[in-house]
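A.B. asks: Got a predicted model here, sequence first, then my questions.
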Amino acid sequence: ESVVEDQTVNTIRPALILALLWAILPHGSAGQQDTLRLSLEDVLELASTGNPAFLAARNDEAAADWEVREAYASLLPSASVGAGLSYQGAGEQRFGSFTLAQNLPAYYLSSYTLGLSYQLSGATLLAPSAARARRVATSAQIRAAEVSLRAIVTRAYVEVLRRADGEALIARQLESTRFNLRLAQGRHEVGAVTPLDVRQAEVQVGRAEVDLLQASNALHTARLRLLQEIGANGERPLVLTTDFDLDEPVWDREALRVTALESNPTLGALRAALEAGTVQVRQAQTAYLPTLSAQAGISGYTREAIN
């Protein structure tokens, strides 16, 4: 009976251990929920809303819009309003040691001022044009940053796919070298090859394992760089779903040059910056011109005695 009880206890303990491990360890379904499955379009969309450098460049657009509004507001006149209220108590009026008046009543004193001024100069007249030119330059820079971001993210996406294919290829090569090692060991047992052949096969396996480790590290680094570009968490597993077809490009050199000169966003941003700089130079040259100023105002003063 004691032997049966010992066998029952020994059977229950592994079952309890397995149950505890099942409760503690994460299940595969939870891990699959955390996996990022992204197409190229998904990655580009995430990059446009999560890349810090691009978001910083895009924030300049709002500042440029407000700069245009401020330039137009500088053409408007300036107005000022002022008012005052004071109280003077009853008593006598003295000048030094002399008494000028006695039994003076108390007074309430009030005043107001209304002013309107306008100043016009060449710099003020050209301020809206300069602000609009800077806004165009800012928009061109944002467009160039967007195109550059799409190119960087696309290259990073393709790099991850290339590294994944490279890792799979090296893994197959490792399996081939291991098969060759087993074959060499079997042939050595029957005396068909020398021990040197077995050692060479072992060296090939070691080299393939090192290559696989390097390929895995390169794949992990490429994934981290891609996640960094889109502003995502680098600890989540990543699966890329977009496949690319390889076609031979048919391009004309002159057509490419013309298209690049007309549509390249970086060149467009530089042209817009040049135009904005030209307007700013004209605005600075107007400092030698006279400035027109006009002012108008009205004021009033009241004094009321209190009985």
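C.D. replies: Done, it's in.

A.B. asks: only C-alpha atoms for contact and neighbour calcs from this point on.
C.D. replies: OK.

A.B. asks: What residues sit buried inside stretch 38-51?
C.D. replies: Applying a neighbour-count criterion of 16 or more other CA atoms under 10 Å, one finds 38, 40, 43-44, 46-48, 50-51 buried in stretch 38-51.

A.B. asks: taking these one by one, which sit in helices?
C.D. replies: Secondary structure from DSSP state H places 40, 43-44, 46-48, 50 of the buried residues of stretch 38-51 in helices.

A.B. asks: Going by distance to Asp252, which of those wins?
C.D. replies: Checking these against Asp252 with CA to CA, the nearest one is Leu40 at 27.6 Å.

A.B. asks: What does the residue nearest to Leu120 when sequence neighbours are not counted show for phi and psi?
C.D. replies: The shortest distance from Leu120 to any non-neighbouring residue, by CA to CA, 6 or more residues apart in numbering, is to Leu292 (5.0 Å). The main-chain torsion angles of Leu292 are listed as degrees, to the nearest 10 and equal phi -100, psi 130.

A.B. asks: Surely Leu292 is in contact with Ser121?
C.D. replies: Yes - the criterion here is CA atoms under 8 Å, and Leu292 meets it with Ser121 at 6.3 Å.

A.B. asks: if you count what's nearby, which of those two comes out ahead?
C.D. replies: Neighbours were counted for Leu292 and for Ser121 using other CA atoms under 10 Å; Ser121 has more, 18 against 10.

A.B. asks: from memory that one sits against Tyr288, does it?
C.D. replies: No - contact criterion CA under 8 Å: Ser121 and Tyr288 do not qualify, at 9.9 Å.

A.B. asks: Show me the residue at the heart of the protein, geometrically.
C.D. replies: Closest residue to the average C-alpha location of the chain: Pro52 at 1.9 Å, with CA atoms, centre = their mean.

A.B. asks: quick one, what contacts that residue?
C.D. replies: Residues counted as contacts of Pro52 (CA atoms under 8 Å, 6 or more residues apart in numbering) are Gly231.

A.B. asks: can you tell me how far it sits from Ala145?
C.D. replies: Applying CA to CA, to the nearest Å, one obtains 12 Å for the distance of Pro52 from Ala145.

A.B. asks: quick one: pLDDT of the residue nearest to Leu120?
C.D. replies: With respect to pLDDT, Leu292 has a value of 91.

A.B. asks: Just give the closest residue to Ala215, not the sequence neighbours.
C.D. replies: Sequence neighbours aside, Glu167 is the residue nearest to Ala215 in space, at 5.2 Å (criterion: CA to CA, 6+ apart).
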